[in-house]
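Undergrad: Make a model of this:
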Amino acid sequence: MIEISDRGAEKVREFLAGQGADATLAGLRVGVRGGGCSGFQYQLAFDEQRDGDTVFESHGLKLLVDTDSLPFVHGSVIDYEESLQGAGFKVNNPNVVAACGCGSSFRVAEEEQASAV
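TA: Predicted coordinates:
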């Protein structure tokens with residue numbers, strides 16, 4: 001399961017409305033790809049459901065996850081934070097065992113057994 005925080009849901013709705021997208025069709029895609037100094041990087045984008053996606057509903061929004069990314073993000077909570085360094089979505093992922101200093105990439109415990117997505 002993947003969830004989104006109250007603040008994260010509020011920001012997703014703002015962004016979708018700003019793009020003129022229908023929140024009943026579009027959602028937030030949560031994925032990973034190989035890269036960064038720790039092995040994986042998150043990919044967040046507004047998208048529509050595709051074949052093979054797992055769809056989670058949280059705060060009335062769709063969270064879309066492709067099959068390859070699901071094991072790496074399962075159990076995560078998507079939040080939106082504003083700080084002196086900037087504002088953006090943050091993934092609170094219980095699968096992460098190490099992250100780079102800037103927080104843009106991560107490693108999971110089973111990385112040795114998994115190929116980069």
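Undergrad: Tell me what Gly34 is bridged to.
TA: Phe40 (DSSP bridges).
Undergrad: what residue is smack in the middle of the chain?
TA: Val30 (3.3 Å; CA atoms, centre = their mean).
Undergrad: Please work out how many residues are found near the residue lying closest to Val65 once chain neighbours are set aside.
TA: Take Val65 and drop its neighbours on the chain: the residue closest to it by CB to CB, 6 or more residues apart in numbering is Thr54, 4.9 Å away. C-beta coordinates here come from the backbone N, C-alpha and C atoms, glycine included. Neighbours of Thr54 under the rule other CB atoms under 10 Å: 15.
Undergrad: and the gap between Thr54 and Arg29?
TA: 11 Å (CB to CB, to the nearest Å).
Undergrad: what sits in contact with each of the two?
TA: Residues touching both Thr54 and Arg29 (CB atoms under 8 Å, 6 or more residues apart in numbering) are Leu64, Val65, Asp66.
Undergrad: Kindly state the pLDDT recorded for the last one?
TA: To tie it back to what came earlier, the one meant is Asp66. Asp66 carries a pLDDT value of 96.
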